[in-house]
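1. Have a look; sequence and predicted model below, questions after that.
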2 protein chains.
Amino acid sequence: MRVTPISGFPEWSPEGRIIEQQMIEQLRLSFESFGFAPIQTRALEPLEHLLAKGETDKELYAVQRLQAEEGESEPGLGLHFDLTVPFARYVLENRGKLQFPFKRYQIQKVWRGERPQRGRYREFYQADIDVIGRDRLPLHFDAEIPLVLHQVLSALPVPRVEIHVNNRKLIEGFYRGIGVDDVTAVLRAVDKLAKIGADGVSAILIERVGLRSEQVQQCLALAQIRTHDTRFVEQVRALGVSHPLLDEGLAELSFVIEAASHLPEGAVQADLALARGLDYYTGTVYESFFADQPEIGAVCSGGRYDNLASGGKLKFPGVGVSIGLTRILGILFDQGALSVSRPTPTCVLVALASEEKRGESTAVAAALRARGVNCEVFHERKAFGKQIKYASRRSIPYVWFTAGASKERVHRLRDIRTGEQFDVDPGTWMPPEADLKPRVTGVSEPSLRAATNQGSSSI
Amino acid sequence: MRVTPISGFPEWSPEGRIIEQQMIEQLRLSFESFGFAPIQTRALEPLEHLLAKGETDKELYAVQRLQAEEGESEPGLGLHFDLTVPFARYVLENRGKLQFPFKRYQIQKVWRGERPQRGRYREFYQADIDVIGRDRLPLHFDAEIPLVLHQVLSALPVPRVEIHVNNRKLIEGFYRGIGVDDVTAVLRAVDKLAKIGADGVSAILIERVGLRSEQVQQCLALAQIRTHDTRFVEQVRALGVSHPLLDEGLAELSFVIEAASHLPEGAVQADLALARGLDYYTGTVYESFFADQPEIGAVCSGGRYDNLASGGKLKFPGVGVSIGLTRILGILFDQGALSVSRPTPTCVLVALASEEKRGESTAVAAALRARGVNCEVFHERKAFGKQIKYASRRSIPYVWFTAGASKERVHRLRDIRTGEQFDVDPGTWMPPEADLKPRVTGVSEPSLRAATNQGSSSI
């Protein structure tokens, strides 16, 4: 069997997977602590849905049976590229059974056929939270999302994150107020600000969108506004533009920013350059960055969508955010910023004295397991020196020698790291807490963590 | 957005997902207690690998980008149909970094484009454990797999499972001993015994495979042997067939069955009708059934594969088993045999007295969360009666009224189920253990559980 790594489809070592799994477990606990219920949706959706709701340049993976049976007409299917579009479909499909507002989290892999490059994957985990209401969804939920996200990220061993917030109504109202017709075209151009700079955006707005020079100046002035509190309101007002939609957007964004005022400064900030590519957002939009490495780009993003899920007369407005888990892990693995105390769940290797005494080793292992201590019995009779070497090579911290193996008829335990040996009782012995499971450690942000009551950077 | 359920792609309610998630968590803990390390592999593999290793009738899903860029040549990719073939590829790819024997578990979705029918899915979870050695893998691991599987299944809230074991060498040696050339054709026919009966199998063996009547009798006689201990050996010997491969198979199967002799009778049994469709098995094969509902078919299966992973001169023999998690859940959901105490992780709804007093509610919620109590703050100002009704509708067991909301300035807690209210201290109150998280309960098998020290059927 030839071995063919496929670009853009990351696979971690067992160490990497242990870290990923503990991150997922921590996300799960955090999401549940705020009352989000778990769901999963199928990986495949009808292509027509994906195409209708995705960005035009989103690269879809189409899926079909290799040997479709004759006469069988299959709908075109594709792998989902995010978890929001499938969730909206799930809500419509189950609207009779769900209680609204429905708060759910969803941690699954998604696929995008983008050109693979550093930090971009074709298969990756997203961890999403969303709230969907029936007919209406109070703005309170727009304000709650960054608070939850801040708590959730503070509990993970990742660098400090800043959550940037903007509002589509604010931008659209402003653009309309200065006489722009093709709002989407301007949004798309301004979205490239960080990448191509003000001159690049100006050129697009003048040459392709056909804006006048004063309009371009106003658009760029708006995009430069970024405040840690609600002072963005007066800065926008100072630009002298007025439109009812602008007023609505300013009020909504103020509400969201104000609700986060008890968090450390800058944790949640207004950033009027933010546009978000996806068409389905209708109000609040979020993007999050590592505070000290903004050049990496967004690691979480999301927003408010009033029209994504609608069936007949019923509307199901929603708001949510997606954490780019694989992206975050990929970055931190590259930086060597995450580590785990050992690459195996095994805490104790029970040595095997002889095949005849396997029963004794198995009994010790069963007693340890019953107390939550992960262990293995060595698989064949070999010199104890070789069994110790095996444990050492696999970073298993302890080797257990059963009573039957010693002249003194006592159980002995060896700490592989120090070489120390001591007598132990199989009915009571427990390892120190730190040795029980592989421990993940990462980037520590003591000031932030203290402020949010999330003391430790380990999970 | 039209709603289009896709046949064969199950999606659970939040209740269903809570149960599935707790099952996965329990599987993870059980697998780790035996020292299996976690990995995940990408969902896509080159089609040529999948085709080379799969059954011919396995229906593959091919995957390709909807808009492949010009000049870009992409290898044909497909969704994996099991976790064994990808794992063998992963081991070859990472053989320089892994420690052998390498024990891993893997819990992921797989896809098969089979005709959907009751209990068959096109997208489903498998939970696999495998051990792969370099060059050699002691038979001990063949014997350990059923022991682990028995423990793992006993810890889940599922009906009692019997693990049936056979050995490919035994069958092949027997067939060769009676002069059969096309062993695979006979295997495939005998594999249908449960489905089409002895007459059906006879017809195929005589008409299509070209066996003589005495040969058919011998094949059927072998397939009827099923013992709870190693008595199958004398029963096979009584058929008067001899072949070196048969001897080898009998010895191997005896070793595996003997190693399980301390388990409750029938937990692991020799079943010489077992063949397993997949071509890659070379020795021990396993299939597991619900003891009281064998007609449902196998819920776990696996075996020994000596040639699946081989690179140049190096061989990586492996053995493992796959638990059909989605299949088990689907069956038990249909039977109403699993339930969960509530459909939401939320334990406490903190009522909102007014927008001005939201801070007080948020503070209570934060204090509860810090102690591991999942809670939500009600999202808008409404009469308390409506907030209570909301909690009741969502099956949230407690509603908290903050001190600021009452004349007496005390915090009050209401148990939604009894209507009782009592004074509480936000700094110390904890719910009874049973209310902390949603509790899954299922089929209880007290006798078996007592025998294996797995006291409770709840997880």
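-> That came through, no problem.
2. got the residue ranges for the strands in the stretch 201-350 of chain A?
-> With strands called from DSSP state E, counting those that start in this stretch, the stretch 201-350 of chain A shows them at A:226-227, A:268-271, A:284-290, A:300-311, A:314-323, A:339-340, A:348-350.
3. longest helix anywhere in chain A?
-> helix A:14-33 (DSSP state H).
4. other SSEs contacting whichever helix or strand comes after it?
-> Following helix A:14-33 in sequence order, the next helix or strand is strand A:37-38 (DSSP states H and E). Helices and strands touching strand A:37-38, as assessed by 3 or more CB pairs under 8 Å, 6 or more residues apart in numbering or on different chains; DSSP states H and E, comprise helix A:14-33, strand A:102-111, helix B:14-33. Where C-beta positions appear, they are placed from N, C-alpha and C, glycine not excepted.
5. related to what we said a few turns ago, just the C-alphas of the longest helix of chain A, formatted as CSV.
-> The C-alpha trace of helix A:14-33 is given here as CSV (Å, rounded to 0.1, in the frame of the first residue of the first chain):
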residue,chain,number,x,y,z
PRO,A,14,-1.3,10.7,19.1
GLU,A,15,0.1,13.6,21.2
GLY,A,16,-1.6,16.1,18.9
ARG,A,17,-4.9,14.2,19.1
ILE,A,18,-4.7,14.0,22.9
ILE,A,19,-4.3,17.8,22.9
GLU,A,20,-7.1,18.3,20.3
GLN,A,21,-9.4,16.0,22.3
GLN,A,22,-8.8,17.8,25.6
MET,A,23,-9.5,21.1,23.8
ILE,A,24,-12.8,19.7,22.4
GLU,A,25,-13.7,18.4,25.9
GLN,A,26,-13.0,21.8,27.4
LEU,A,27,-15.1,23.5,24.7
ARG,A,28,-17.9,21.1,25.4
LEU,A,29,-17.9,21.8,29.1
SER,A,30,-17.7,25.6,28.5
PHE,A,31,-20.5,25.6,26.0
GLU,A,32,-22.7,23.4,28.2
SER,A,33,-22.0,25.7,31.2
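6. A:Trp12: what's it in contact with?
-> A:Ile19, A:Glu20, A:Leu329, A:Phe333, B:Ile39, B:Gln40 (CB atoms under 8 Å, 6 or more residues apart in numbering or on different chains).
7. Tabulate the residues you listed in a markdown table, adding columns for distance to B:Gln218, neighbour count and pLDDT.
-> Putting these into a markdown table (distance: CB to CB, whole Å; neighbours: other CB atoms under 10 Å in any protein chain shown; pLDDT from 0 to 100) gives the following:
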| residue | distance to B:Gln218 | neighbour count | pLDDT |
| --- | --- | --- | --- |
| A:Ile19 | 55 | 24 | 97 |
| A:Glu20 | 52 | 20 | 97 |
| A:Leu329 | 57 | 20 | 95 |
| A:Phe333 | 58 | 18 | 94 |
| B:Ile39 | 43 | 25 | 97 |
| B:Gln40 | 45 | 21 | 97 |
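8. would you list those residues in a markdown table and tack on distance to A:Asp182?
-> Shown next, in a markdown table, are the contacts of A:Trp12 (distance: CB to CB, whole Å):
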| residue | distance to A:Asp182 |
| --- | --- |
| A:Ile19 | 45 |
| A:Glu20 | 42 |
| A:Leu329 | 39 |
| A:Phe333 | 42 |
| B:Ile39 | 49 |
| B:Gln40 | 44 |
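9. Would you mind finding the most buried of the helices and strands packed on strand A:37-38?
-> strand A:102-111 (a mean of 23; mean count of other CB atoms under 10 Å in any protein chain shown).
10. Off-centre distance for that strand?
-> Chain-centre distance of strand A:102-111: 10 Å, with CA atoms, centre = their mean, to the nearest Å.
11. and the residue nearest to A:Gly133 when sequence neighbours are not counted, how many neighbours?
-> Spatially, and ignoring its direct neighbours in sequence, A:Gly133 is nearest to A:Pro101 (4.4 Å; CB to CB, 6 or more residues apart in numbering or on different chains). Neighbour count for A:Pro101, taken as other CB atoms under 10 Å in any protein chain shown: 22.
12. Run a quick neighbour tally on A:Gly336.
-> A count of neighbours around A:Gly336, defined by other CB under 10 Å, yields 7.
13. An error on my part: the question was meant for A:Phe81.
-> For A:Phe81, the count of nearby residues is 23 (other CB under 10 Å).
14. With A:Gly179 instead?
-> Neighbour count for A:Gly179, taken as other CB under 10 Å: 12.
15. Find the residue ranges of the stretch 151-300 of chain A scoring beneath the pLDDT cut-off.
-> Applying pLDDT under 70 to the stretch 151-300 of chain A flags the ranges A:277-278.
16. Can you tell me the closest non-neighbouring residue to the spatially most central residue of chain A?
-> Central residue of chain A (CA atoms, centre = their mean): A:Ile323, 2.8 Å from the mean position. Nearest in space to A:Ile323, with sequence neighbours left out and distances taken as CB to CB, 6+ apart, is A:Ala127 at 4.2 Å.
17. The one you found contacts A:Tyr105, correct?
-> Yes - with contact defined as CB atoms under 8 Å, A:Ala127 counts as touching A:Tyr105 (7.1 Å).
18. got the contact list for A:Asp292?
-> A:Asp292 makes contact with A:Pro159, A:Arg160, according to CB under 8 Å, 6+ apart.
19. repeat for A:Leu137
-> A:Leu137 touches A:Pro101, A:Val131, A:Pro317, A:Gly318, A:Val319, counting by CB under 8 Å, 6+ apart.
20. which among these gets closest to chain B?
-> A:Pro101 (6.7 Å; CB to the nearest CB).
21. and stretch A:266-285, C-alpha only, in CSV?
-> Extracted C-alpha coordinates of stretch A:266-285, given in CSV (Å, rounded to 0.1, in the frame of the first residue of the first chain):
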residue,chain,number,x,y,z
GLY,A,266,-9.9,45.5,24.6
ALA,A,267,-11.3,42.0,25.1
VAL,A,268,-14.4,43.0,23.0
GLN,A,269,-14.0,46.1,20.7
ALA,A,270,-15.8,47.9,18.0
ASP,A,271,-14.0,47.5,14.6
LEU,A,272,-15.7,49.3,11.8
ALA,A,273,-13.4,47.8,9.1
LEU,A,274,-15.0,44.4,9.7
ALA,A,275,-17.2,43.2,6.9
ARG,A,276,-17.3,39.4,6.8
GLY,A,277,-17.4,37.9,3.4
LEU,A,278,-20.5,35.7,3.8
ASP,A,279,-23.7,37.1,2.4
TYR,A,280,-26.0,35.7,5.0
TYR,A,281,-25.1,38.1,7.8
THR,A,282,-27.6,40.8,8.4
GLY,A,283,-26.5,42.7,11.6
THR,A,284,-23.8,42.1,14.2
VAL,A,285,-20.6,40.5,12.8
